[in-house]
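In: I would like the atomic coordinates for the input below:
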Amino acid sequence: MINCLFDANAAVKYYFPTEDPHKLVKYLVESPKVISNITTVQITEVLSMFYKFHRKKIITSDSELTMYVDTFLKDIAPNDPKFNRYDFVEEHIKDLEVYKVISETCPPADRRETEYLPECGGVVKKLKNVANTADALMLIIMREIHLITDKNCYLITSDSHVKKIAEKLGLKFIDPNTTPLATVPFDVDRRAFKRKNHNLGAICKYRNSADTLMSTSTINICEGGACVRSTGKVIEPKSRVSIYLYDFSDKTNREEQHAEVIYSDKDKMRVKFIEPIVINRLINN
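Out: Sure, this is the predicted structure:
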């Protein structure tokens, strides 16, 4: 699993997945190879951006604003979050190297921020101070993730000043605005999982429910997800389910996998696993 830390501008793209940079963020968040993280400070920034979009009529109604806010709060809740909350603690204050690099990078005269303002008829630029508090906290936490994962992580950001600082600190990053989906790094690309036509038993239930949705079998499966035969039921996409997989030659060896429904019709259902699985454990040779 690869840890990714999203800045606020990247995280908010997940909720407006219409343009290519937004689709890349959605792809990363929903990849079973990625653990998506966001700092508590960035959470406040995302919420502020929703209200800013509402003020600028990008979000056009109060009910639409409530929908975005409620969805985001659900996505950062402790139970099956899309974004894991990463808290700032006292130890982070002592990472003095980050402050030093920030102070030496991007003097104020070179710092500009691009913003789309519909009432101004397009894009305007305004001066911005050297990396703000939220940037500093995010970079400090990214340094910690970088160290504890042995560099097995990425910062997801399009901010040029943050990228410059990250580069000087030796941190890897992905810029959603300049990285085509076809060129995402291999270690976060869920398409790297190869599907195999293993016929395994599959008992599907809603999460936290004893009721069986269907008792069926897999059409194909990979470490990141599976396609199972449907018994005529159509399950709502994004539903969280539990799937108990087993080899037909040993029905007692069942492994529960937590999954999210990607697609469903009367013939088949595609799911992605919340965490990649080890297929060989399920197959009796």
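In: switch to C-alpha atoms for all contacts and neighbour counts from now on
Out: Will do.
In: where does pLDDT dip in this structure?
Out: 17-21, 90-94, 106-131, 190-193, 284-285 (pLDDT under 70).
In: which residue ranges of the stretch 1-150 of the chain form strands?
Out: Ranges of strands within the stretch 1-150 of the chain are 2-6, 34-39, 84-86, 112-117, 122-127, based on DSSP state E, counting those that start in this stretch.
In: which other helices and strands contact the shortest one?
Out: I take that to be strand 84-86. Where contact means 3 or more Cα pairs under 8 Å, 6 or more residues apart in numbering; DSSP states H and E, strand 84-86 is packed against strand 34-39.
In: and what about the closest residue in space to Asp211 that isn't next to it in sequence, helix, strand or coil?
Out: Nearest non-adjacent residue to Asp211, counting by Cα to Cα, 6 or more residues apart in numbering: Lys205, 6.1 Å away. Per DSSP: H, G, I helix; E, B strand; the rest coil, the secondary structure class of Lys205 is strand.
In: pretty sure Lys205 is touching Ser239, no?
Out: No - when contacts are counted by Cα atoms under 8 Å, Lys205 is not listed as touching Ser239 (10.5 Å).
In: more neighbours: which of those two?
Out: In this view Lys205 and Ser239 are compared by other Cα atoms under 10 Å, and Lys205 has more residues nearby, 19 against 14.
In: ok, now how distant is the more buried one from Lys74?
Out: Computed as Cα to Cα, to the nearest Å, the Lys205 to Lys74 distance reads 21 Å.
In: please name the nearest non-neighbouring residue to Thr252.
Out: Tyr246 (7.7 Å).
In: quick one: the most far-flung residue of the chain relative to its centre from Ile2, how far?
Out: In the chain, counting by Cα atoms, centre = their mean, Ser249 sits farthest out from the average C-alpha position, at 36.9 Å. From Ser249 across to Ile2, the span is 34 Å (Cα to Cα).
In: Thr44 too?
Out: 24 Å.
In: hmm, Leu169 and Lys163 touching each other?
Out: No - between Lys163 and Leu169 there is no contact under Cα under 8 Å: 9.7 Å.
In: which of those two has more neighbours?
Out: The neighbour comparison of Lys163 against Leu169 (other Cα under 10 Å) goes to Lys163, with 20 against 16.
In: can you report phi and psi for that one?
Out: Dihedral angles of Lys163 (phi, psi; degrees, to the nearest 10) stand at phi -60, psi -40.
In: numbering from 82 from now on, please.
Out: Fine by me, first position is 82 from now on; the one you just mentioned is Lys244.
In: may I have the residues that are in contact with it?
Out: Thr238, Phe254 (Cα atoms under 8 Å, 6 or more residues apart in numbering).
In: so how far is Ile183 from it?
Out: 11 Å.
In: likewise for Val342?
Out: With Cα to Cα as the criterion, Val342 and Ile183 are 43 Å apart.
In: which of those two has more residues huddled nearby?
Out: Shown here are Val342 and Ile183; by other Cα under 10 Å, Ile183 has more neighbours (23 against 20).
In: bridged to Gly282, which residues?
Out: Gly282 has these beta-bridge partners by DSSP bridges: Ser298, Tyr327.
In: pretty sure it contacts Ile300?
Out: No - between Gly282 and Ile300 there is no contact under Cα under 8 Å: 10.0 Å.
In: in terms of neighbours, single out the busier of these two.
Out: Neighbour totals were compared for Gly282 and Ile300, and Gly282 leads with 23 against 20 (other Cα under 10 Å).
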